[in-house]
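Asks: All I have is the shape, not the residue letters:
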C-alpha cells in the first residue's frame, strides 16, 4: 500500500512539474549574478545612499555660492496739529540691494548699495525731495578660530569622503550579493545532483524489488529479501521526494537573491557541478593586493581620514576667536537719484571702519573635551582598520586552506566513488550468483550513494571557498566577465549615472 501511495505521489509531482514547464528554463550562473545586480532590492536601497551622499557634496559646495539680496520699504508719517498749525507730513522710500559671499578662507564679504528718497511738507527741509545713496563694502575675516582654507574646506572634504565611502559600501554590498547569488546557484546545482543520485537509487530499488519478487516465486529468494526490497524502495522514494523539496527551497533562495518578484512554478535547469579534481591549486592572493582592492577596508581607510579631519577641527576650535573686521562706504546727497549716485561715485561723503574682535570661553572646557573626544574616536577607527587588516589576513589564509583541502578531498572522494561503484557492481554479480546476501547488496548500494553525495558535497565546499576568496580580493566581477565599470552600470541608480 505504501509503495503504491509513494509511487503515485512521485508521479503526481513529476506530472505537475512537467505540466507547468514543458521546457525547463535554463539559468546560467553569469545570468543569475547579472540579474541579481540589477534587481536586488537591498542593493538598490544602498544605491540611493550614493545619491544622498552626492547631494550633500553639492550642499557643502553651495556654502561658497554668491548670494544676492534686495529689499524695499515705504514709510509715511504726519505729526499732530496744534493751535491752528497743521502738522508736518513726510514720506520716505528705502531700497537696498547687494551681494554677499563666503570665501574659502572663512571671510564673509558683502557689497551693498542703499538708496533713500525723503519728501516732507516741512519748510525747513533744504532738499525736498532729497535723494541719498551709498555704496559700501564690509569684510569679516577670522584669523585664528575657523580661519583659513584648511578649516573652511573641511566640511566639503568630509562630504566628498562620505560620498566615496558610500560608493565603496555599495561595491562591498555588490560583492556580497555576487557571492551569495553564486553560492545559492551552486546550492541549487547540488540539489539537482542529489536528485539524480536519489532517482538512480530508486531505479535500482524498483528493479531489485521486481527481481526478488520473481526470485521468491521460484524459491531463489526469501520473504525477508522481498520485505527488505520493499523497504529499500520506499526509502528511496522518500529520498527522491526530499530531493525535490531541496531543489524547490534552493531555487526560491536563489530567486530571492536575484530580487525576482515572480518565482518559477516548475524546476529551473542549471549547470552541473563542475569536476574540479583536475584543477590547479594556484597560489594565494597577497595581503597587500587584498587590502588595496577590498572596498570594505578602503571604506574604513576613508573613515580614518574623516576622523583625522575631525581632530584638526577640534584642535582649531580650541583657538580664541580673533576676527578682522573692516568696512568702507561712500555716500551722496542731491535732489535727484542720478546726481546722488554721481556724488557717491565722486566720494563726496565717506565712512570707514577697521578693527579686531577677540573672544574666548573661560576655561574652554567644552572645546578641550570635544578635542579629546575627537582623538578617542580617531584611535577607535584606527584600531578598527587594524582589526580589519588582521581579519582579512586570517580570512585569506583560512579560505586558501579550505580551497587546497577541498581539492584534495574532491580527488580522494572521486577515487572512493569509483571504488564504491565497482564494489556495488561486484556485489550485485555475487548476489545474482547466490554468493552474497541481499543485505550485503543493499549495504554496497548505500555505500555508493554515500560516496556519491560526499563527492558532490566536497565539490560544493571547494567552490564556495573559491567564491568567498574572490569576494575578499574584489575580483568576483571578472569571474562573470564583468569589470567594475560594467558592474557600476548595473548597481548605480539612474540618478547617479546621470551626474
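Replies: Done, it's in. Computed from a prediction, not measured in an experiment: that's the story for all the values here.

Asks: for the chain, what's the longest helix?
Replies: In the chain, taking DSSP state H as the definition, the longest helix is helix 365-432.

Asks: Quick check: which element contains the residue nearest in space to the middle of the chain?
Replies: By CA atoms, centre = their mean, the chain has its centre lying nearest to residue 170, at 2.8 Å. Following DSSP states H and E, one finds residue 170 within helix 154-217.

Asks: Show me what that helix packs onto, helices and strands only.
Replies: Secondary-structure packing of helix 154-217 (3 or more CB pairs under 8 Å, 6 or more residues apart in numbering; DSSP states H and E): helix 29-39, helix 41-61, helix 223-257, strand 269-270, helix 295-317, helix 438-472, helix 476-479, helix 484-491. Every residue, glycine included, has its C-beta placed from N, CA and C.

Asks: Redo those as a markdown table? Include mean neighbour count.
Replies: Listed next are the helices and strands packed on helix 154-217 as a markdown table, based on neighbours: other CB atoms under 10 Å:
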| stretch | mean neighbour count |
| --- | --- |
| helix 29-39 | 19 |
| helix 41-61 | 16 |
| helix 223-257 | 19 |
| strand 269-270 | 20 |
| helix 295-317 | 18 |
| helix 438-472 | 20 |
| helix 476-479 | 18 |
| helix 484-491 | 16 |
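
Asks: can you redo these as JSON lines with mean pLDDT and distance to residue 394?
Replies: Formatted as JSON lines, the helices and strands packed on helix 154-217 follow (pLDDT from 0 to 100; distance: least, CB to CB, whole Å):
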{"stretch": "helix 29-39", "mean pLDDT": "92", "distance to residue 394": "27"}
{"stretch": "helix 41-61", "mean pLDDT": "92", "distance to residue 394": "26"}
{"stretch": "helix 223-257", "mean pLDDT": "89", "distance to residue 394": "27"}
{"stretch": "strand 269-270", "mean pLDDT": "92", "distance to residue 394": "33"}
{"stretch": "helix 295-317", "mean pLDDT": "94", "distance to residue 394": "13"}
{"stretch": "helix 438-472", "mean pLDDT": "91", "distance to residue 394": "11"}
{"stretch": "helix 476-479", "mean pLDDT": "91", "distance to residue 394": "20"}
{"stretch": "helix 484-491", "mean pLDDT": "84", "distance to residue 394": "26"}
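
Asks: Export those to JSON lines and append columns for distance to residue 406.
Replies: Converted to JSON lines, these look like this (distance: least, CB to CB, whole Å):
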{"stretch": "helix 29-39", "distance to residue 406": "18"}
{"stretch": "helix 41-61", "distance to residue 406": "29"}
{"stretch": "helix 223-257", "distance to residue 406": "20"}
{"stretch": "strand 269-270", "distance to residue 406": "20"}
{"stretch": "helix 295-317", "distance to residue 406": "25"}
{"stretch": "helix 438-472", "distance to residue 406": "3"}
{"stretch": "helix 476-479", "distance to residue 406": "17"}
{"stretch": "helix 484-491", "distance to residue 406": "27"}
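
Asks: Go through the ones you listed and name the closest to residue 425.
Replies: Of all the helices and strands packed on helix 154-217, helix 438-472 sits nearest to residue 425, with 8.8 Å by CB to CB.

Asks: Report the distance from that closest one to the chain centre.
Replies: How far helix 438-472 lies from its chain's middle: 34 Å, per CA atoms, centre = their mean, to the nearest Å.

Asks: go on, stretch 37-55?
Replies: Put simply, stretch 37-55 sits 7 Å off its chain's centre (CA atoms, centre = their mean).

Asks: Run through who's touching it.
Replies: 36, 159, 162-163, 165-167, 169-170, 173-174, 177-178, 257-260, 487, 490-493, 495-496, 499 (CB atoms under 8 Å, 6 or more residues apart in numbering).

Asks: re the thing from before, could you point out which of the helices and strands packed on helix 154-217 sits nearest residue 283?
Replies: Of these, nearest to residue 283 by CB to CB is helix 438-472, at 11.6 Å.

Asks: and the closest one, what other elements does it pack with?
Replies: Short answer (3+ CB pairs under 8 Å, 6+ apart): helix 438-472 packs on helix 154-217, helix 223-257, helix 365-432, helix 476-479.

Asks: Point to the helix or strand of the chain where mean pLDDT is at its lowest.
Replies: Every helix and strand in the chain was compared by mean pLDDT, DSSP states H and E; the lowest is helix 2-20, with a mean of 44.

Asks: Direction included, what does the helix or strand just after that one pair up with?
Replies: Per DSSP H and E, the first helix or strand lying C-terminal to helix 2-20 is strand 26-27. Take DSSP bridges as the rule and strand 26-27 pairs in its sheet with strand 269-270 (parallel).
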